[in-house]
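J.: Curious how this folds, go ahead:
(chains A, B, C and D)
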Protein chains: 2
Amino acid sequence: MGRTFSKKEKLLQIAARHFSKHGYEGVSLDAIAKEVGITKAAIYYHFKDKDALYEAVLLFRLENLIAHIKASITAQNPEEKLRQYIESFGAFLEDYPCFAAILAHEFADNGKHMSEKAVQTLAQTLGTLTAILNEGIEKDIFTIQNPFAVQLMIVSSFVLHQTTAGLRKRVAHYVQEHAVTPEPDIKDLAKTLATKIIKAIRKAQ
Amino acid sequence: MGRTFSKKEKLLQIAARHFSKHGYEGVSLDAIAKEVGITKAAIYYHFKDKDALYEAVLLFRLENLIAHIKASITAQNPEEKLRQYIESFGAFLEDYPCFAAILAHEFADNGKHMSEKAVQTLAQTLGTLTAILNEGIEKDIFTIQNPFAVQLMIVSSFVLHQTTAGLRKRVAHYVQEHAVTPEPDIKDLAKTLATKIIKAIRKAQ
DNA sequence: GTATACTTACTTAACGACAGGTAAGGACGA
DNA sequence: TCGTCCTTACCTGTCGTTAAGTAAGTATAC
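T.: The predicted structure follows:
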């Protein structure tokens, strides 16, 4: 039983795709409206302006993200928690590739279009990671880490993995030494990344 | 003895800054021209169109980059080569932060504005890395790696480190658990990243 | 039950600002 | 005088945004 979407939901969904493909500046409300099947002015009935539409798109998924991550961390020991953190991050970005691309655009222009609330929500993911790392350090499992550096490796790898698939294909075409290893999907990448990061920060026994 | 710059050089330099800050779509030629101190029409004397200007900016730095990396790799053993690769990549992006931001924008929209020539040049960096990894695998120093995954970790970490400094500062403000560890500069990050990656892919002795 | 008042969810049409791009011409050094 | 390096003036299209209007639905009063 496929549920029916209201025009507003359809608008948000299509807007997300447009913002993900072209970035804030590259998106025109005309184009969105046309695809939704309404007029541009109708967007202004639902949202104050372009900024508010973007904010709605971004905040919705950001809040999803932190809920998803928090729900995924069920383990007791820090190492397993860290693995769950990394893998749930990857799984979420796989499920919402548009969101990954929107994040990539946001990172590229230094969060220019992110409201304080959006930044605050994003900060919660980093807070969660920091707590895990601190616990690991206290229990003498991890070496001391800068949480920002670890977060950077995780988030940037996932986000750019999701967004640069087409570019990588073009690049691969020119790499002579490149044996045609199959491109790992994001779930494989998550596992690889988790293993690598844990290996890299774990205290030598 | 400060050399004098031609208008064209000044134009390229300022264009790079604009493209790095706002991305291709967000940049207006009027704004660039104004800052250079010429009129928009003068840009069309030097370049065919907006695309050609962007291409010139991007290709120039890309060619710099591969020259810089190749010149930096002087070691004999793969492990040291890999370290040099990573550190020279980081050093280059530190010297040209505008270039890092342009790359970030390009990654965010999947290389939409990259010409085949630009892609080809970018591919050379990946080719260099692949050769190093293959040598390490042959000599039984590294475990088998997907070069794309390793390149992804290196490039994405550096690029987003350079571009998201302001955003990270905003995020840090909301992270309660965050002890105010000083933000590592990119050279520290390069060392950390090199150590981590080598630790992660090196064969256990 | 039906007239009235009001809300919801849009459309049509237009606004001013500004985008990329161009044709024509002028200043100036060799 | 000829090419180089620009400027002035302008065109066309598209942008975000708004005002005004409207068909359909809902709530209330009698």
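
J.: got a list of contacts for stretch A:139-149?
T.: A:77-79, A:126, A:129-130, A:133, A:136-137, A:201-203, B:168, B:172, B:178, B:181, B:183-184, B:189, B:192 (CB atoms under 8 Å, 6 or more residues apart in numbering or on different chains). In this view, the C-beta of every residue, glycine as well, is placed from N, C-alpha and C.

J.: quick one: contacts for A:E135?
T.: A:E135 touches A:78, A:81, counting by CB under 8 Å, 6+ apart.

J.: Out of the contacts of stretch A:139-149, which are close to DNA strand C?
T.: Among the contacts of stretch A:139-149, no residue lies close to DNA strand C (CB under 7 Å from any atom of the strand).

J.: name the helices or strands packed onto the helix-or-strand element of chain A with minimal mean pLDDT?
T.: Counting by mean pLDDT, DSSP states H and E, chain A has its least confident helix or strand at helix A:186-201, which shows a mean of 87. Helix A:186-201 is packed against helix A:78-95, helix A:147-163, helix B:147-163, helix B:186-201, with contacts defined by 3 or more CB pairs under 8 Å, 6 or more residues apart in numbering or on different chains; DSSP states H and E.

J.: swap the cut-off to 6 Å and go again
T.: Other helices and strands packing on helix A:186-201, by 3 or more CB pairs under 6 Å, 6 or more residues apart in numbering or on different chains; DSSP states H and E, are helix A:78-95, helix A:147-163, helix B:186-201.

J.: Please enumerate residues in contact with the shortest one?
T.: Counting by CB atoms under 6 Å, 6 or more residues apart in numbering or on different chains, helix B:186-201 makes contact with A:196, A:199-200, B:79, B:83, B:86-87, B:90, B:94, B:142-143, B:145, B:157, B:161, all of which sit outside it.

J.: Next: stretch A:154-170.
T.: By CB under 6 Å, 6+ apart, stretch A:154-170 touches A:86, A:90, A:93, A:97, A:100-101, A:103-104, A:186, A:189, A:193, B:107-108, B:110-111, B:119, B:152-153, B:156-157, B:160.

J.: Buried among the residues you listed? Make that a ChimeraX selection.
T.: Buried residues among these (16 or more other CB atoms under 10 Å in any protein chain shown), as a ChimeraX selection:
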select /A:86,90,93,100,101,103,104,186,189,193 /B:107,108,110,111,119,152,153,156,157,160
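
J.: Can you narrow the contacts of stretch A:154-170 down to the ones near DNA strand D?
T.: Residues of the contacts of stretch A:154-170 in contact with DNA strand D (CB under 7 Å from any atom of the strand): none.

J.: so how many other residues sit close to A:T143?
T.: By the criterion of other CB atoms under 10 Å in any protein chain shown, A:T143 has 13 neighbours.

J.: quick one, the least confident helix or strand of chain A and helix B:186-201 angle?
T.: Relative orientation of helix A:186-201 and helix B:186-201, computed by axes from the mean of the first three to the mean of the last three CA atoms, to 10 degrees: 100 degrees.
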